[in-house]
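J.: Please find the sequence and the predicted model below.
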Amino acid sequence: MAGLFVTFEGPDGSGKTTQINLLKNHLELLGLDIVLTREPGGTVISEKIREILLDKKHVEMDYICEALLYAASRAQHVAELIIPSLDAGKIVVCDRFVDSSIVYQGIGRKLGDSVKLINDIAIRGCMPDATFLIKVDPKTGKSRRDIAEMDRLDLEEINYHSLVYDAYEKLQLENPKRITSFDGNETIEQINKKIIGKITEILLERKVI
C-alpha cells in the first residue's frame, strides 16, 4: 500500500483523542493528506454498529456477540475507508484498531485466540505500520472521565480494565517494532513532543518528508 497507517491505543482517559488531534494538526502543517478516523466507526454502517456496541442499555450483550460486532464494524471500515485511503497514498490515523479487540475481548472477556481469528478475516491483512500506545493505569484513566460520558465498556468493573491494561503491556512486548508506548501521566506537551519525534522518524524512513 502506498500510504501510511497509524493507530492509537490505550485505556479510556489516557488522552488518546487529544494526542490524535495534535498529530493531525502537525501532519497537515507538513502538507500531508490525512484521514482521521476511529473504531468502532468510521463509516455509516460502522457507526451504526458502534451505537449498538457502546449503548449503556445493552447490558445483556453476549461476549461473543460483542466480539463479532467489533469485527463486523472493522471489516466495513477497512473495506470502505482504510484500504482505499492507503491505496490513494494518504496517511490514515485511527483511534483504536484490532489491538483493542485483542485486549478488550480476547483477554478482558477471556475469548482467547478466537478474537484474532475473526479479526484476521475482517482486516484482510491490513495491519498498522505504527501503533502509539498511551499508557495510564485504569484507576487514573477512570478518574479522568465524567461518568455521564462513559459507555457500556467504560462502566465495567476495575478488574476488567486491569486485565486490559496488562494485556496492552504484553502486546507491546510482543510487537516492539510496531508498538511504541508513551507515559500517559506526562503532560500533553511532553507526550506530543515524543509522538512527533517518532512520526518524524517514520516519515523520514519512508521518504515521505
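T.: Thanks, I have it.
J.: Can you tell me what sits against the least confident helix or strand in the chain by mean pLDDT?
T.: Within the chain, judged by mean pLDDT, DSSP states H and E, the helix or strand with the poorest mean is helix 138-143; its value is a mean of 79. Identification of contacts with helix 138-143 by CB atoms under 8 Å, 6 or more residues apart in numbering yields 11, 12, 13, 14, 154, 158, 161, 162, 164, 165, 184, 185. Bear in mind the C-beta positions are built from the backbone N, C-alpha and C, glycine included.
J.: Which stretches in this protein count as strands?
T.: Listed in chain order, the strands of the chain (DSSP state E) span 4-9, 34-38, 91-95, 130-135, 179-183.
J.: Now do the same contact list for the nearest residue to residue 144 once chain neighbours are set aside.
T.: Spatial nearest neighbour of residue 144, chain neighbours left out: residue 13 (3.9 Å); criterion: CB to CB, 6 or more residues apart in numbering. Residues counted as contacts of residue 13 (CB under 8 Å, 6+ apart) are 136, 140, 141, 142, 143, 144, 145.
J.: Quick check on those residues: which are buried?
T.: By neighbour count, with 16 or more other CB atoms under 10 Å, the contacts of residue 13 hold 136, 141, 142 as buried.
J.: hmm, back to that, generate TSV for the contacts of residue 13, with distance to residue 57 as supplementary columns.
T.: Output for these, formatted as TSV (distance: CB to CB, whole Å):
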residue	distance to residue 57
136	28
140	28
141	23
142	21
143	25
144	24
145	19
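J.: tell me which of those residues is nearest to residue 44?
T.: residue 145 (27.2 Å; CB to CB).
J.: what's that closest one sitting at in phi/psi?
T.: Note on residue 145: backbone dihedrals following degrees, to the nearest 10 are phi -100, psi 140.
J.: pLDDT score assigned to the closest residue in space to it that isn't next to it in sequence?
T.: Closest residue in space to residue 145, ignoring its immediate chain neighbours: residue 13 at 5.0 Å, by CB to CB, 6+ apart. With respect to pLDDT, residue 13 scores 85.
J.: so how far is residue 199 from residue 13?
T.: Distance of residue 13 to residue 199, given as CB to CB, to the nearest Å: 23 Å.
J.: For the residue positioned nearest the centre of the chain, which non-adjacent residue is spatially closest?
T.: Closest to where the C-alpha atoms of the chain average out (CA atoms, centre = their mean) is residue 96, at 1.3 Å. The shortest distance from residue 96 to any non-neighbouring residue, by CB to CB, 6+ apart, is to residue 39 (4.3 Å).
J.: That neighbour and residue 93 touch, don't they?
T.: No - counting by CB atoms under 8 Å, residue 39 does not reach residue 93; the two are 11.8 Å apart.
J.: Nice, that's everything, thank you.
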